[in-house]
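A.B. asks: Sequence and predicted structure are below.
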Amino acid sequence: MPLDSSPIPDELKGLRIALLVAGGIAAYKIVDLASALTQAGADVRVAMTASATRFVGAASFQGVTGNPVLTGLWAADGPAEPHVFLGDWAQVTLLAPATANIISRVARGQSDDIVTATLLASRGPVVVAPAMNDAMWSKAPVQENLSTLRGRGVTVVEPESGHLASGHVGAGRLPGAAALMDALASAVRSRYDLAGRCVVVTAGGTREPIDPVRFVGNYSSGKMGFAVAAAAADRGARVTLVTTAMHPAHPGIDVRPVETADEMLEELKREIAGADVLVMAAAVADFRPARVADNKIRREETPRLSLDLEQVPDLVAALGKEKDAQKVFRVGFAAEGSDLAAKALEKMKKKGLQAIVANDISRKDIAFGSDHNAGVMLFADGTREDLPRMTKREMADRILDLVRPRLNS
Ligand code: CTP
């Protein structure tokens with residue numbers, strides 16, 4: 001907990017936060033903030049100017065965050081372009097303490113050190129917390145530079161008045177951890193509508209073994225589930241993707257590889273506690289071999305092979321009965337060839353879902369493996385939303401747009 005032991009806003013939990021530290025005496029307070037954010041579950045990375053390292057050692061930040069600290073543009077053992085790496089990685093960036101010097105350099109768009117370069121390379125919202133002597137704070141160039149930053153969409157946290165390191169009393173103190181976290185939380189809230197939410201997604205077709213080398217499976221590519229996971233992560237959610245498929249790496253997605261329906265159910269039972277949304281995009285095999293051969297079935301010895309298949313349990317229906325799932329908004333997918341809406345509605349009710357997305361698998365322009373999808377989304381509250389043909393990523397965002405206002409606050 002921070003020194004003033006204020007609760008940490010939910011939005012910051014699980015978020016990737018860059019703390020950029022400039023050379024001011026208040027730099028030591030950022031160690032405490034970094035520690036509190038890390039303990040609350042945020043992933044925190046720190047970059048420091050050379051002057052900042054005179055006030056606080058990089059080892060302190062590395063120790064409390066568990067992540068390497070960037071102290072220059074030419075890190076010997078880090079990424080080739082550390083500022084681009086950190087700018088891409090961070091969902092929100094805090095510059096604190098922001099000295100008069102660094103504020104001026106940021107306002108001019110300089111990028112000749114790791115802190116200013118990371119700010120230029122950042123993609124998420126930026127919060128700047130100035131701290132300096134009261135006379136410096138009152139000067140026109142400082143205030144003009146801050147106006148410039150505000151005009152560019154940067155959030156500026158007003159310094160507090162009080163005792164300053166110089167012995168003067170006046171405005172210029174770095175606000176406490178609570179105020180800095182509140183500023184970060186509101187910057188995050190306005191940009192990421194799923195910040196603080198936990199979304200579990202399934203993707204791909206399950207594979208049920210026949211013997212050690214063969215399985216019963218289906219054509220599902222896992223692209224729709226991945227699109228939902230990526231969209232939720234980009235909107236600030238903590239995402240777990242339980243999947244049988246291979247996917248591109250994506251920041252903010254925790255991938256849990258599985259093969260069979262049983263493995264998927266086990267993983268889901270673990271992940272469902274604390275989740276806000278479950279999106280069941282996986283094509284779960286409906287049937288599996290009743291017996292699995294211990295050894296490879298040999299062609300020579302097997303002129304003819306019949307498989308005895310048994311039904312796979314309905315995962316999402318089974319999960320719905322778990323106590324932990326009651327608060328989770330559960331979305332299913334239904335692949336249908338005809339009577340799309342009517343069949344999907346029936347499935348939604350039978351499986352105890354809050355919503356279902358029905359795809360028309362008879363359409364050639366949205367076949368398995370396609371980057372496009374189309375269908376209709378039905379809600380247990382009776383709402384029906386048509387989803388015309390669009391990319392799977394667009395559909396994923398549309399689905400989240402529709403789910404977001406239905407989540408408990
Ligand atoms: N599903 C599941 N467990 C299963 C089968 C399906 O959890 N054993 C989920 C899917 O992930 C999807 C939804 O249920 O979200 C509907 O899947 P679908 O294959 O359309 O329906 P089925 O229940 O398999 O019904 P049918 O085969 O009769 O169409």
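C.D. replies: Here it is on my side, so go on.

A.B. asks: Report how many residues lie close to Tyr162.
C.D. replies: For the record, residue 162 is Gly, not Tyr. The tally of other residues near Gly162 (other C-beta atoms under 10 Å) stands at 11. C-beta coordinates here come from the backbone N, C-alpha and C atoms, glycine included.

A.B. asks: and Met264, that's in a helix?
C.D. replies: Yes. Assessed with DSSP: H, G, I helix; E, B strand; the rest coil, Met264 lies in a helix.

A.B. asks: Just to check, it is in contact with Val316?
C.D. replies: No. Contact between Met264 and Val316 fails when scored by C-beta atoms under 8 Å: they sit 10.2 Å apart.

A.B. asks: how many other residues sit next to Ser409?
C.D. replies: As a burial measure, Ser409 scores 2 neighbours (other C-beta under 10 Å).

A.B. asks: Enumerate every residue touching the residue of the stretch 1-150 of the chain found nearest the ligand.
C.D. replies: Residue nearest to the ligand within the stretch 1-150 of the chain (C-beta to the nearest ligand atom): Gly14, separated by 24.9 Å. Shown in contact with Gly14 (C-beta atoms under 8 Å, 6 or more residues apart in numbering): Gly41, Ala42, Asp43, Gly196, Cys198, Ala237, Arg238.

A.B. asks: Can you give me the first-to-last residue distance of stretch 52-59?
C.D. replies: Taking C-alpha to C-alpha, to the nearest Å, the first and last residues of stretch 52-59 lie 12 Å apart.

A.B. asks: Please work out which residues outside that stretch touch it.
C.D. replies: Counting by C-beta under 8 Å, 6+ apart, 21-25, 27-28, 30-31, 46, 48, 69, 71, 115 sit against stretch 52-59.

A.B. asks: Stretch 67-87 too?
C.D. replies: So stretch 67-87 is contacted by 18, 43-48, 50, 53, 58-59, 61-62, 93, 111-114, 117-123 (C-beta under 8 Å, 6+ apart).

A.B. asks: Just the mean pLDDT for that stretch, thanks.
C.D. replies: Averaging pLDDT along stretch 67-87 yields 90.

A.B. asks: Would you mark the buried spots in that stretch?
C.D. replies: Pro68, Val69, Leu70, Thr71, Gly72, Leu73, Ala75, Pro82, His83, Phe85, Leu86, Gly87 (16 or more other C-beta atoms under 10 Å).

A.B. asks: before we move on, what about stretch 374-384?
C.D. replies: The neighbour-count check on stretch 374-384 (16+ other C-beta under 10 Å) flags Ala374, Gly375, Val376, Met377, Leu378, Phe379, Ala380 as buried.

A.B. asks: Cool, thanks, talk later.
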